[in-house]
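J.: give me a 3D structure for the following:
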Amino acid sequence: ADCLNRGDSVEEIYQEGKFFLASLLSGIAILFLYDFLRIFRCVFPHKKWVIFWQDYFFWVLSGFFVFLMVYQVNEGNIRSFALLGMGLGMGMYHLGPSTAWVRLVSRALKFVLRIFRQIYNFIKSPFVFLSKKWKVKKKKETEKICKILEKARKKSYTKKNKTLEGNCEEMGDDSFTKSE
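T.: Down below sits the predicted model:
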């Protein structure tokens, strides 16, 4: 009977150790995922209200993840040492590779984006140049057309007036003629 109790207690200790390790790894995983959010913010700066909502949704989703982990590993029993394990995992990861990881990946992504921007600008530059040339040429042509239309309008206006004056004189009505 003594052997059975000893075996049960070893099995329980093994299960508790496994649960604590799962908690520790969950804490590391949560903070590792949060680092991707931090990297995204370093590469593409955000406003404070956007950061607030990103954090809010991240931690709500993390809460669901923690619940699922506790439910799967410990049949839904929340134990204080599980929270301690997650906290220790987060702390170890944050004090360990987290800051260096965020800095390294952020710098690498900024460098890659800078190269892509330069390539994009290089490819785009002939099109911008031609577009500006075309706009200048188009503007000059438009101005010429406007001048021609203005001259035509003035000529037609003076011809209309002359025609109206002539027609009115023929009818004996001088109300349409210019008053001098």
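
J.: per-residue confidence at the residue sitting nearest the centre point of the chain?
T.: Nearest residue to the geometric centre of the chain (Cα atoms, centre = their mean): residue 44, 7.3 Å. We have a pLDDT of 90 for residue 44.

J.: quick one, phi psi at it?
T.: Main-chain dihedrals, residue 44, degrees, to the nearest 10: phi -120, psi 100.

J.: could I get the contacting residues of it?
T.: If you count contacts by Cβ atoms under 8 Å, 6 or more residues apart in numbering, residue 44 has none. In short, each C-beta sits where N, CA and C put it, glycine included.

J.: tell me the spacing between it and residue 54.
T.: 11 Å (Cβ to Cβ, to the nearest Å).

J.: can you give me the helices for this structure?
T.: 2-43, 48-74, 80-93, 99-171 (DSSP state H).

J.: tell me which of these sits most buried.
T.: helix 80-93 (a mean of 17; mean count of other Cβ atoms under 10 Å).

J.: tilt between it and helix 2-43?
T.: Between the axes of helix 80-93 and helix 2-43, defined by axes from the mean of the first three to the mean of the last three Cα atoms, to 10 degrees, the angle is 40 degrees.

J.: what residues does helix 80-93 touch?
T.: 16, 19-32, 66, 70, 74.
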